[in-house]
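Visitor: Fold the following, please.
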Amino acid sequence: MEYLTFSPEKEDIGKRIDVYISSLLDELSRSQVQKLIEEKHISINNKSIKSNYKLRCNDIINVEIPDPQPLEIEAEDIPLDIIYEDKDIIVINKPQNMVVHPAPGHYTGTVVNALLFHCKNELSGINGVMRPGIVHRIDMNTSGVIVAAKNDMAHKSLALQLSCHSITRKYYCIVCGNIKDDEGTIDKPIGRNPKDRKKMAVVPDGRRAVTHYRVLERYRKYTLVEAQLETGRTHQIRVHMASISHPLLGDMVYGSEKQPYKLKGQVLHAKVLGFIHPSKREYMEFSSPLPDYFEKLIEKFRTGHF
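Guide: Numbers count the residues shown, from 1 in each chain. Below is the predicted model:
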């Protein structure tokens, strides 16, 4: 059993407890949180509550996460592009069009299936049967660096760094249009889109989200941008860039519904990932090269040859 304690921040006062916990812990869906509440695994001020409880100032929230069940997801011999590996962590370069962990519609061919084969039983179990070792994730159509934990100690260390916003996460993306300023910061709260729960959006009652960006190159219709995450909300870069009228090229969810240049999704790559190693206690930083399709796009935009 894992025990977690939280106190709501000022902007969280008045939120439903199930909405708050599910936004705070990405590994738990709202329905999973509601089940934990029903089973009395979540309490406030040492008292049982219901899912519609609204947070108040100075509330102390206690969350018990039951021990994971035995793994049932099958190991698959899928090649991994391993950047670094030791007894605590494994850092890989995820290709585009690969899902990180099993979910409805994607129970095979995921990073988790590949990790189970490569790491055998050496993966943390904190996130349960569907997400062993997974500390953070990137979208299916986003490529780049991610880290997985081989034991619970490493998982807790990396999760704490994520919650403290101390992990370095830099992404390269191509956005539509020309960004006027050479650099800037987008500080806008993100939450579920009230009109479409499958999407995220900038909403007044969302959780604080901060993205720092700088322009790397400008083309006739597009801009190559480095985006650095201070927080890590779902679809953060995609939502934030769209909010300033520069959606990511190829993003059919937050941008144009048309897909140019035969793209498979948003042009977004997790370029740099840096953190304090869980046991070595020293800062380590990893990077991955841009995928071929990304490099070819840049060359096309530079030369104007299509």
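
Visitor: mind giving me the domain split of this structure?
Guide: 2-65, 68-164, 169-270+293-303 (automatic domain parsing).

Visitor: distance between the ends of the last one?
Guide: When you say that, I think you mean domain 169-270+293-303. Chord length of domain 169-270+293-303, first to last residue, is 30 Å (CA to CA, to the nearest Å).

Visitor: State the three-state secondary structure for residue 242.
Guide: helix (DSSP: H, G, I helix; E, B strand; the rest coil).

Visitor: So the spatially most central residue of the chain versus residue 273, what's the distance?
Guide: In the chain, the centroid-proximal residue (CA atoms, centre = their mean) is residue 137; its distance is 4.3 Å. Separation of residue 137 from residue 273 (CB to CB, to the nearest Å): 12 Å. Placement of C-beta: from N, CA and C, glycine included.

Visitor: shared neighbours, those two?
Guide: Residues touching both residue 137 and residue 273 comprise residue 146, with contact defined as CB atoms under 8 Å, 6 or more residues apart in numbering.

Visitor: Let me know the pLDDT of the residue nearest to the centre of the chain.
Guide: With respect to pLDDT, residue 137 scores 91.

Visitor: Likewise for residue 27?
Guide: 70.

Visitor: now do the one 4 residues further on
Guide: Residue 31 carries a pLDDT score of 85 in this model.

Visitor: what's residue 120 in contact with, if anything?
Guide: residue 75.

Visitor: go with 6 Å
Guide: With contacts defined as CB atoms under 6 Å, 6 or more residues apart in numbering, residue 120 has no neighbours.

Visitor: Tell me the pLDDT of it.
Guide: On the pLDDT scale, residue 120 gets 88.

Visitor: Make sure residue 155 is actually in contact with residue 149.
Guide: Yes: with contact defined as CB atoms under 6 Å, residue 155 counts as touching residue 149 (3.7 Å).

Visitor: Give me the common contacts of the two.
Guide: Counting by CB under 6 Å, 6+ apart, the residues touching both residue 155 and residue 149 are 124, 135.

Visitor: Wasn't the residue nearest to the centre of the chain part of a strand?
Guide: No: counting by three-state DSSP, residue 137 falls outside a strand, being coil.

Visitor: what's the closest non-adjacent residue to it?
Guide: Distances taken as CB to CB, 6 or more residues apart in numbering place residue 100 nearest to residue 137, at 4.0 Å, with adjacent residues excluded.

Visitor: Let me know how buried the one you found is, in neighbour terms.
Guide: Residue neighbour count, defined by other CB atoms under 10 Å, stands at 21 for residue 100.

Visitor: give me the element it is part of.
Guide: Assigned by DSSP states H and E, residue 100 falls within no helix or strand.

Visitor: Which helix or strand contains residue 165?
Guide: Residue 165 belongs to no helix or strand when assigned by DSSP H and E.

Visitor: for residue 300, same thing?
Guide: Counting by DSSP H and E, the element that carries residue 300 is helix 292-303.

Visitor: Next, the buried residues of that helix.
Guide: By neighbour count on 16 or more other CB atoms under 10 Å, the buried set for helix 292-303 is 293, 294, 297, 298, 301.

Visitor: Out of the residues you listed, flag the one nearest to residue 13.
Guide: In terms of CB to CB, no member of the buried residues of helix 292-303 lies closer to residue 13 than residue 294, at 42.3 Å.

Visitor: Settle this for me: residue 287 is touching residue 272, isn't it.
Guide: Yes: between residue 287 and residue 272 there is a contact under CB under 6 Å: 4.8 Å.

Visitor: Between the two, which has more neighbouring residues?
Guide: The neighbour count for residue 287 versus residue 272, taken as other CB under 10 Å, is higher for residue 272 (17 against 14).

Visitor: Am I right that that one is in a strand?
Guide: Yes: secondary structure assignment places residue 272 in a strand (three-state DSSP).

Visitor: and it, what does it touch?
Guide: Neighbouring residues of residue 272 by CB under 6 Å, 6+ apart: 170, 287.

Visitor: rerun that using 10 Å as the cut-off
Guide: 144-145, 168-172, 226, 228, 285-288 (CB atoms under 10 Å, 6 or more residues apart in numbering).
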